[in-house]
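Novice: Could you look at this predicted model? Sequence included:
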Amino acid sequence: MEINKGEDILTVNEIFFSIQGESSWMGLPCVFVRLTYCDLRCVWCDTEYAFYEGNNMTIDEIIEKVKSYDCELVEITGGEPLLQENSLKLMKRLCDENFTVLLETGGHRDISKVDPRVHIIMDIKCPGSKMSHKNRWENIELLSKKDEIKFVIKDRNDYEWAKEIIKKFNLTEKVGTILFSPVFGEIEPITLATWILEDKLHVRFQIQLHKYIWSPTTRGV
Ligand SMILES: C[S@@+](CC[C@H](N)C(=O)[O-])C[C@H]1O[C@@H](n2cnc3c(N)ncnc32)[C@H](O)[C@@H]1O
Ligand SMILES: Nc1nc2[nH]cc(C(=O)O)c2c(=O)[nH]1
Ligand code: SF4
Ligand SMILES: [Mg+2]
């Protein structure tokens, strides 16, 4: 982690207020802080605009903006939030200010220094993303029951792979929620839902709710 190291500055792509569209927090009003940059290139990524676009803000400025929405639920996402060292400081400050803080991370960066009060929603990248070689398996042992693991599934091969990973790492015992989410536009939600029911899997199916409320390409929602 080198970007903006040492100064109280983060490069921010966007800050917005919306309905949480993912995870077990889905449906709740939530403030989103989307940080710039990502060191992965998931083939189906819906947020490529966050790879480079952004403006520098101090942590104080970010917190002031977050407070302006008068909402106690905040998600730090990106891009990859853990690429910027100061995201750790931002999350700690938000926890100190009594916000409920969610972190969306790709699962390839060290989560050991994330404030223990943060609810981590960590992807495990499936083969269909072409990024599964980047998974940081050591992270799994650092998660707890307040945290969630998400598999974003493109096809049957991803689905079978995710089932194997759940067994291999005993994920059901490690985290509170295991999410299975279809890659938007690549696999019909009904297909994934049917597989889960056929196998009686103890996972939580999710779709990206915001893409159904708004148009799938609308930014800032
Ligand atoms: C844009 S990423 C940002 C946070 C972090 N880089 C990560 O990958 O978790 C937020 C979430 O959106 C998911 N996502 C991105 N593109 C998607 C798509 N086309 N369909 C379904 N989920 C997608 C990612 O897998 C991740 O869970
Ligand atoms: N409404 C809404 N909910 C979300 N949950 C996770 C998001 C993300 O991009 O990380 C996201 C997003 O972009 N919009
Ligand atoms: S890690 Fe997240 S932001 Fe980066 S390419 Fe993958 S889905 Fe997109
Ligand atoms: Mg998104």
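Specialist: In hand now; what should we look at? Ligands and ions are numbered 1, 2, ... in the order given.
Novice: Is the longest helix seen in the chain positioned near ligand 1?
Specialist: Longest helix in the chain by number of residues (criterion: DSSP state H): helix 156-168. No. Helix 156-168 lies out of reach of ligand 1 by CB under 6 Å from any ligand atom, never closer than 11.5 Å. Bear in mind the C-beta positions are built from the backbone N, C-alpha and C, glycine included.
Novice: which strands and helices sit next to that helix?
Specialist: With contacts defined as 3 or more CB pairs under 8 Å, 6 or more residues apart in numbering; DSSP states H and E, helix 156-168 has these neighbours: strand 148-153, strand 177-182, helix 189-199.
Novice: and the angle from the first one to helix 189-199?
Specialist: Here strand 148-153 runs at 110 degrees with respect to helix 189-199, directions being taken by axes from the mean of the first three to the mean of the last three CA atoms, to 10 degrees.
Novice: The nearest residue to Arg41 once chain neighbours are set aside: neighbour count?
Specialist: Once flanking residues are discounted, Arg41 sits nearest to Met131: 7.0 Å by CB to CB, 6 or more residues apart in numbering. Neighbour count for Met131, taken as other CB atoms under 10 Å: 20.
Novice: centre of the chain versus stretch 132-140, how much separation?
Specialist: 15 Å (CA atoms, centre = their mean, to the nearest Å).
Novice: Now it - C-alpha only, PDB.
Specialist: Extracted in PDB, the C-alpha atoms of stretch 132-140 (Å, rounded to 0.1, in the frame of the first residue of the first chain):
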ATOM      1  CA  SER A 132      -8.800 -16.000  -8.800                       C
ATOM      2  CA  HIS A 133      -5.000 -16.400  -8.800                       C
ATOM      3  CA  LYS A 134      -4.900 -13.100  -6.800                       C
ATOM      4  CA  ASN A 135      -7.000 -14.300  -3.800                       C
ATOM      5  CA  ARG A 136      -5.200 -13.800  -0.500                       C
ATOM      6  CA  TRP A 137      -6.200 -17.000   1.300                       C
ATOM      7  CA  GLU A 138      -4.600 -15.900   4.600                       C
ATOM      8  CA  ASN A 139      -7.400 -13.300   4.900                       C
ATOM      9  CA  ILE A 140     -10.000 -16.000   5.500                       C
END
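Novice: Now that stretch: buried residues?
Specialist: Neighbour-count burial for stretch 132-140, counted by 16 or more other CB atoms under 10 Å, picks out Ser132, Lys134, Asn135, Arg136, Asn139, Ile140.
Novice: and what of stretch 197-216?
Specialist: So stretch 197-216, judged by 16+ other CB under 10 Å, has buried residues Leu201, Val203, Arg204, Gln206, Ile207, Gln208, His210, Lys211.
Novice: Just the ones of the residues you listed in strands?
Specialist: Taking DSSP state E as the definition of strands, the buried residues of stretch 197-216 contribute Arg204.
Novice: which ones among the buried residues of stretch 197-216 come in contact with ligand 2?
Specialist: Within those, those near ligand 2 by CB under 6 Å from any ligand atom are His210.
Novice: SS state for the residue nearest the centre of the chain?
Specialist: By CA atoms, centre = their mean, the chain has its centre lying nearest to Glu104, at 2.2 Å. Secondary structure for Glu104, judged by DSSP: H, G, I helix; E, B strand; the rest coil, is strand.
Novice: Pretty sure Phe151 sits against Leu179.
Specialist: Yes. If you go by CB atoms under 8 Å, Phe151 and Leu179 touch, sitting 6.9 Å apart.
Novice: At the contact with ligand 2, which residues of the chain appear?
Specialist: Ser18, Ile19, Gln20, Gly21, Glu22, Phe32, Thr47, Thr77, Glu104, His210, Val221.
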